[in-house]
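Asker: Predicted model and sequence follow; I will ask about them next.
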Amino acid sequence: MTRSNPLRPSCRARRAAGFTLLELLVVMVIIGLLAAYVGPRYFSQIGKSERSTAKAQIEGLAKALDAYRIDTGRYPTTEQGLTALVTKPADEPKWNGPYLQKAVPNDSWGRPFVYRSPGATAADDFDLLSYAKDGQAGGDGDAADVSYR
(Lines give C-alpha, C1' and ligand atoms only; values in the text may rest on other atoms or scores of the structure.)
Protein backbone atom coordinates (compact mmCIF):
# COMPACT_ATOMS: atom_id res chain seq x y z
CA MET A 1 0.00 0.00 0.00
CA THR A 2 1.43 3.29 -1.06
CA ARG A 3 1.00 6.33 0.93
CA SER A 4 0.29 9.63 -0.77
CA ASN A 5 2.14 12.75 0.16
CA PRO A 6 -0.38 15.30 1.57
CA LEU A 7 1.64 18.20 0.07
CA ARG A 8 1.66 16.74 -3.42
CA PRO A 9 -1.74 16.60 -5.16
CA SER A 10 -2.76 13.42 -6.88
CA CYS A 11 -2.83 13.13 -10.65
CA ARG A 12 -6.62 13.35 -10.65
CA ALA A 13 -6.61 16.58 -8.60
CA ARG A 14 -4.05 18.21 -10.93
CA ARG A 15 -6.11 17.30 -13.99
CA ALA A 16 -9.29 18.89 -12.54
CA ALA A 17 -7.50 22.11 -11.61
CA GLY A 18 -7.48 23.72 -15.11
CA PHE A 19 -7.10 23.45 -18.87
CA THR A 20 -4.04 22.39 -20.72
CA LEU A 21 -2.36 24.63 -23.25
CA LEU A 22 -3.49 22.32 -26.05
CA GLU A 23 -7.14 22.62 -25.00
CA LEU A 24 -6.89 26.42 -24.91
CA LEU A 25 -5.32 26.48 -28.38
CA VAL A 26 -8.12 24.30 -29.80
CA VAL A 27 -10.75 26.65 -28.36
CA MET A 28 -8.93 29.69 -29.79
CA VAL A 29 -8.78 28.08 -33.25
CA ILE A 30 -12.53 27.33 -33.14
CA ILE A 31 -13.31 30.93 -32.13
CA GLY A 32 -11.07 32.22 -34.92
CA LEU A 33 -12.80 30.03 -37.52
CA LEU A 34 -16.22 31.21 -36.36
CA ALA A 35 -15.14 34.87 -36.53
CA ALA A 36 -13.71 34.37 -40.03
CA TYR A 37 -16.99 32.82 -41.18
CA VAL A 38 -19.45 35.22 -39.49
CA GLY A 39 -17.51 38.50 -39.82
CA PRO A 40 -17.75 39.03 -43.59
CA ARG A 41 -21.44 38.10 -43.59
CA TYR A 42 -22.13 40.60 -40.82
CA PHE A 43 -20.31 43.48 -42.52
CA SER A 44 -21.97 42.82 -45.88
CA GLN A 45 -25.33 43.27 -44.15
CA ILE A 46 -24.29 46.72 -42.93
CA GLY A 47 -23.89 47.92 -46.53
CA LYS A 48 -27.33 46.57 -47.42
CA SER A 49 -28.93 48.29 -44.44
CA GLU A 50 -27.34 51.64 -45.34
CA ARG A 51 -28.74 51.38 -48.86
CA SER A 52 -32.22 50.38 -47.69
CA THR A 53 -32.22 53.23 -45.15
CA ALA A 54 -31.26 55.73 -47.86
CA LYS A 55 -34.01 54.36 -50.12
CA ALA A 56 -36.60 54.74 -47.33
CA GLN A 57 -35.43 58.30 -46.63
CA ILE A 58 -35.71 59.17 -50.33
CA GLU A 59 -39.24 57.79 -50.49
CA GLY A 60 -40.23 59.85 -47.43
CA LEU A 61 -38.74 62.99 -48.96
CA ALA A 62 -40.55 62.28 -52.25
CA LYS A 63 -43.87 62.09 -50.39
CA ALA A 64 -43.13 65.42 -48.72
CA LEU A 65 -42.25 66.89 -52.13
CA ASP A 66 -45.56 65.62 -53.52
CA ALA A 67 -47.43 67.28 -50.63
CA TYR A 68 -45.56 70.52 -51.38
CA ARG A 69 -46.60 70.25 -55.02
CA ILE A 70 -50.25 69.67 -54.11
CA ASP A 71 -50.26 72.87 -52.03
CA THR A 72 -48.22 75.11 -54.31
CA GLY A 73 -48.78 73.64 -57.77
CA ARG A 74 -45.11 72.91 -58.39
CA TYR A 75 -42.05 71.30 -56.84
CA PRO A 76 -39.43 73.48 -55.11
CA THR A 77 -36.76 74.75 -57.47
CA THR A 78 -33.23 73.44 -57.35
CA GLU A 79 -32.16 76.73 -55.76
CA GLN A 80 -34.81 76.43 -53.01
CA GLY A 81 -33.79 72.83 -52.46
CA LEU A 82 -35.17 70.46 -49.88
CA THR A 83 -35.10 73.16 -47.19
CA ALA A 84 -38.33 74.48 -48.78
CA LEU A 85 -40.00 71.48 -47.15
CA VAL A 86 -39.15 72.83 -43.70
CA THR A 87 -39.00 76.63 -44.05
CA LYS A 88 -41.31 78.74 -46.19
CA PRO A 89 -39.67 80.21 -49.30
CA ALA A 90 -40.14 83.98 -49.56
CA ASP A 91 -41.81 83.79 -52.97
CA GLU A 92 -44.31 81.02 -52.16
CA PRO A 93 -47.68 82.35 -50.87
CA LYS A 94 -49.47 78.95 -51.02
CA TRP A 95 -46.91 77.16 -48.83
CA ASN A 96 -48.73 75.22 -46.10
CA GLY A 97 -45.84 73.43 -44.40
CA PRO A 98 -43.68 72.34 -42.83
CA TYR A 99 -43.84 69.15 -44.83
CA LEU A 100 -41.25 67.37 -42.69
CA GLN A 101 -41.48 66.96 -38.91
CA LYS A 102 -37.76 67.58 -38.44
CA ALA A 103 -34.91 69.07 -40.44
CA VAL A 104 -34.00 67.59 -43.81
CA PRO A 105 -31.94 64.47 -43.03
CA ASN A 106 -28.60 63.56 -44.54
CA ASP A 107 -28.23 60.25 -46.31
CA SER A 108 -26.96 57.11 -44.59
CA TRP A 109 -23.36 58.16 -45.26
CA GLY A 110 -23.74 61.63 -43.71
CA ARG A 111 -23.99 63.65 -46.94
CA PRO A 112 -26.92 65.76 -48.15
CA PHE A 113 -29.26 64.29 -50.74
CA VAL A 114 -28.96 65.59 -54.30
CA TYR A 115 -32.13 67.38 -55.44
CA ARG A 116 -32.80 68.87 -58.87
CA SER A 117 -36.02 70.34 -60.20
CA PRO A 118 -36.84 70.10 -62.98
CA GLY A 119 -35.26 66.70 -63.19
CA ALA A 120 -33.10 65.34 -65.96
CA THR A 121 -35.68 62.69 -66.86
CA ALA A 122 -38.90 64.76 -67.01
CA ALA A 123 -39.37 68.54 -67.24
CA ASP A 124 -42.14 68.71 -64.62
CA ASP A 125 -40.59 66.23 -62.20
CA PHE A 126 -37.57 66.13 -59.90
CA ASP A 127 -34.42 64.10 -59.34
CA LEU A 128 -33.71 62.97 -55.79
CA LEU A 129 -30.72 60.74 -55.08
CA SER A 130 -27.81 59.86 -52.86
CA TYR A 131 -24.33 59.28 -54.23
CA ALA A 132 -23.99 56.43 -51.70
CA LYS A 133 -20.81 55.23 -50.06
CA ASP A 134 -18.25 56.81 -52.39
CA GLY A 135 -19.98 60.22 -52.67
CA GLN A 136 -19.46 60.23 -56.46
CA ALA A 137 -21.99 59.95 -59.26
CA GLY A 138 -22.36 56.43 -60.64
CA GLY A 139 -20.59 53.45 -59.20
CA ASP A 140 -21.19 49.74 -58.64
CA GLY A 141 -22.17 47.65 -55.63
CA ASP A 142 -22.11 49.65 -52.38
CA ALA A 143 -20.97 52.71 -54.35
CA ALA A 144 -23.97 52.67 -56.74
CA ASP A 145 -26.25 55.70 -56.51
CA VAL A 146 -29.55 55.33 -54.67
CA SER A 147 -32.30 57.24 -56.46
CA TYR A 148 -36.04 57.80 -56.26
CA ARG A 149 -36.77 56.44 -59.72
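Answerer: Right, received. Where do you want to start?

Asker: now the lengthiest helix in the chain, how far from the centre of its chain.
Answerer: Identified as the longest helix of the chain according to DSSP state H is helix 21-72. Put simply, helix 21-72 sits 6 Å off its chain's centre (CA atoms, centre = their mean, to the nearest Å).

Asker: cool, stretch 75-85 as well?
Answerer: Stretch 75-85 sits 25 Å away from the centroid of its parent chain (CA atoms, centre = their mean).

Asker: Please list all residues in contact with the residue nearest to the spatial centre of the chain.
Answerer: Geometric centre of the chain, nearest residue: Glu50, 2.4 Å, by CA atoms, centre = their mean. Each residue near Glu50 by CB atoms under 8 Å, 6 or more residues apart in numbering is listed here: Ser108, Trp109, Lys133, Asp142. (Glycine included, C-beta is placed from N, CA and C.)

Asker: now the residues you listed in JSON lines, with neighbour count?
Answerer: JSON lines is the format used below for these (neighbours: other CB atoms under 10 Å):
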{"residue": "Ser108", "neighbour count": "20"}
{"residue": "Trp109", "neighbour count": "17"}
{"residue": "Lys133", "neighbour count": "20"}
{"residue": "Asp142", "neighbour count": "15"}
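
Asker: Where is pLDDT lowest across these?
Answerer: Minimum pLDDT across these is recorded for Asp142, with 70.

Asker: Surely Leu129 is in a strand?
Answerer: Yes: judged by DSSP: H, G, I helix; E, B strand; the rest coil, Leu129 forms part of a strand.

Asker: Can you give me the neighbour number for it?
Answerer: A count of neighbours around Leu129, defined by other CB atoms under 10 Å, yields 19.

Asker: Check the gap between it and Thr77 for me.
Answerer: Leu129 is 17 Å from Thr77, where distance means CB to CB, to the nearest Å.

Asker: and what of Leu33?
Answerer: Separation of Leu33 from Thr77 (CB to CB) stands at 57 Å.

Asker: Please apply the same query to Met28.
Answerer: Here the criterion is CB to CB. By it, Met28 lies 61 Å from Thr77.

Asker: Which of these two has more residues huddled nearby?
Answerer: Neighbours of Met28 and Thr77, each counted by other CB under 10 Å, are more numerous for Thr77; the result is 16 against 10.

Asker: For the contacts of Glu50, which two are the farthest from each other?
Answerer: Comparing all pairs in the contacts of Glu50 by CB to CB, the longest separation belongs to Ser108 and Asp142, at 10.7 Å.

Asker: Fine, thanks again, bye for now.
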